[in-house]
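Q: sequence first, then the predicted structure:
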Amino acid sequence: MGRRFCVLAAGILASALALADTVDVTYTLGSAAGMVQPLLGVNAGPLHWAKMTTTMDTTHDFLQIGVRSVRTHDMPGALDMAVMYPDRTKDPTLQSSYNFTSGGSVSDYGSDDVVTVLKNNGLGMYLRIWDSAQGVVAPTASERANWALAAVEVVRHYQEGKWSGFTDMVSYVEIGNEPDSEFFWPSTYTKEEFYALYSDTAKAIRAAFPTLKIGGPGITRGGYQPGTGQQWTRGFLDYVRTSGAPLDFFSWHTYSNSADDFATGAAFYRSELDSRGYTATEQHVTEWHTFVTPTNDPTADAANVQTRTMGKAAALLTATWITLQQNGIKQAFVYRANDPSAADHSRYGIFSTDALARRTALAFSLWSEFAAYGDRIDPVASATVTGLKALATQRSDGQVAMLVANTGAATAKWTVAFSDGRRLADFPLSLKTVDDNHALVDVGIPTGASFDIAANSVQLLTLHARTGSFSASSTSFGTASALLLGGNLKIAGSDIGASRSVYLIAALGNQYYLHNGVGWVHWTGGVIPAYSTGTLPALVSVPILSAASNAQGLAGAQMFMGYGTSAEEMLNAARFGLIYTFTSN
């Protein structure tokens, strides 16, 4: 008996050692370290870029990837103080002093047009009280009092419905945008004048709205760097504390290709806030992205494309998003949602001008899925792997998700372990990947206990609970002339692991086409071909249009997906759904 036990133990140990030899890192998941924060905001959008009607509305795309909130900056024009309250000599208590309906000379739509879209689509508004780039009209000292009172009236318009406005749209009011930069605060003004403007405006808004969260100033990356930047920050905090103005949150910006820079900034600001008694003041990162220097040089521009739009950008942003979660950031807004033109070499947009999702938007969709869970788990890594960053989360039903970014130069192999004895083998698995090889999120079903993540890519491993009901949906980006489309099935928990057939059906009038796993066939009767047959995983994903395609000729066609022991059983059980209807635009 003893010898047999020793042989068995030796075999187990040998297997463990073999796995250890082939895996670069094991992430062990323990207890929750806090809650996942909904860092799912963007700057600008979803309407087309002002006066650039060749750029597409991205409202549908926002909902697809899970955008929750929009910071009202760089629309441009709409929701700028210079447009809403253009003449600072006018009485701020009179409706005639305001313009909420047009964008003036800057935009072809007004502030209310933007807020209507946000409200109608359940998108939150993070109200930035300032002006957009190239449209800044900073108030003079003599205009300060009217400007501060006008800010209150703007909030009333969007929170209390004043002057035929809106109700309950405002939760946060951010005063300022990069006032430590001459681009947004003229060099002829002193920093103390901005401190006073913030203080007066914040106190006026607090008097009118005691429960709204008020903060600012949206400082640049320089704000945490030694020298004049840190001096500006300390001067601002000292002035605000002395004046008694509210500072419910402190907002800052950083553009960097290193997640460590964000950790450095968060640590500096937290220390400065806490030392002045602002221990409850939140930190908001209201602009963030990778860093590039726009150029017309083809070679350098090609590198910028990778760093701003492709798998490299997705990995860099995801590593930063994880860092923001681990450093107490409560709100974050990627800069920005959409590009103003195809000729814009800065390429900040996570969507192109034709509303196609860049890899950065696909990564955002994984963050959104991850953020829906609740508990945040900081994995304990068995080794340090250059470029690898990971975070885990768990739902109340025991379902677990693991988000991993690889900003390194080589493929890495990773796996998951549990401190409470659970095993990967206990769960049905799915693995979503964002990389340069796929224009949509790639969904795979792992068969092993370890996972390869290529350089410049992002993965979301889901350890599924066997719960939930069936659902069918689609993922789509672009327009009818350049469309990306995928079909998705969420398998009912009770059916995971069962042998079933999956069906993908297109209906155009009274004509039916079915995908048999190889291609589309015209069905005129008889046996209904299945897309696939076999053991059902927790998720089934089908790339219907995996490259941007002209689908205008399919206008009116409808796509359905479902599964069952047979097509007849699927239909009788109503285990199918309409996932997409093609349009002509």
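A: All right, it came through fine.
Q: ok, E160 - contacts?
A: Applying C-beta atoms under 8 Å, 6 or more residues apart in numbering, we find E160 in contact with T167. Bear in mind the C-beta positions are built from the backbone N, C-alpha and C, glycine included.
Q: equivalent analysis for the one 3 residues further on, please.
A: Contacts here follow C-beta under 8 Å, 6+ apart; on that basis W163 touches Q95, Y98, F100, H157.
Q: what about 7 Å?
A: Q95, H157 (C-beta atoms under 7 Å, 6 or more residues apart in numbering).
Q: any idea how far V155 is from it?
A: 12 Å (C-beta to C-beta, to the nearest Å).
Q: next one: A412
A: For A412 relative to V155 (C-beta to C-beta), the value is 48 Å.
Q: neighbour-wise, which of these two wins?
A: V155 (23 against 20; other C-beta atoms under 10 Å).
Q: helix, strand or coil for L485?
A: Under the three-state scheme (DSSP: H, G, I helix; E, B strand; the rest coil), L485 adopts strand.
Q: before we move on, what's the pLDDT of it?
A: Looking at L485, its pLDDT reads 98.
Q: swap in F418?
A: The model's pLDDT for F418 equals 97.
Q: which non-adjacent residue is nearest it?
A: L29 (5.4 Å; C-beta to C-beta, 6 or more residues apart in numbering).
Q: that neighbour reaches D375, doesn't it?
A: No. Between L29 and D375 there is no contact under C-beta atoms under 7 Å: 10.5 Å.
Q: so between the two, which is more surrounded?
A: Neighbour totals were compared for L29 and D375, and L29 leads with 22 against 16 (other C-beta under 10 Å).
Q: distance of that one from G328?
A: Distance from L29 to G328, by C-beta to C-beta: 21 Å.
Q: list the contacts of I377.
A: I377 neighbours (C-beta under 7 Å, 6+ apart): L29, G30, A32, A33, A392, T393, Q394.
Q: top of these by neighbour count?
A: In the contacts of I377, the most neighbours by other C-beta under 10 Å go to A392, 26 neighbours.
Q: and that residue, what helix or strand is that in?
A: If you go by DSSP states H and E, A392 is part of strand 388-394.
Q: what's the angle from the helix or strand that comes right after that strand to strand 388-394?
A: Of the helices and strands lying after strand 388-394 in sequence (DSSP H and E), the nearest is strand 400-406. Strand 400-406 and strand 388-394 are oriented at 170 degrees to each other (axes from the mean of the first three to the mean of the last three C-alpha atoms, to 10 degrees).
Q: quick one, the next helix-or-strand element following strand 400-406 and strand 388-394 angle?
A: Later in the chain than strand 400-406, the nearest helix or strand by DSSP H and E is strand 412-418. Taking the same axes, to 10 degrees, one finds strand 412-418 and strand 388-394 inclined to each other by 30 degrees.
Q: I'd like to know which elements strand 412-418 is packed against.
A: With contacts defined as 3 or more C-beta pairs under 7 Å, 6 or more residues apart in numbering; DSSP states H and E, strand 412-418 has these neighbours: strand 25-29, strand 400-406, strand 451-453.
Q: the last one pairs with which strands?
A: If you go by DSSP bridges, strand 451-453 pairs up with strand 412-418 (antiparallel).
Q: now swap in the first one and tell me
A: When sheet partners are counted by DSSP bridges, strand 25-29 sits next to strand 380-381 (antiparallel), strand 412-418 (parallel).
Q: just send those back as JSON lines, with distance to A498 too.
A: Putting the strands paired with strand 25-29 into JSON lines (distance: least, C-beta to C-beta, whole Å) gives the following:
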{"stretch": "strand 380-381", "distance to A498": "36"}
{"stretch": "strand 412-418", "distance to A498": "25"}
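Q: mean neighbour count, the ones you listed: which tops it?
A: strand 412-418 (a mean of 19; mean count of other C-beta atoms under 10 Å).
Q: ok, and what's touching it?
A: Under C-beta under 7 Å, 6+ apart, the answer for strand 412-418 is 22-29, 385, 388, 402, 404, 406, 424, 449-453.
Q: switch the cut-off to 6 Å
A: Strand 412-418 has contacts (C-beta atoms under 6 Å, 6 or more residues apart in numbering) with 23-29, 385, 388, 402, 406, 424, 449-453.
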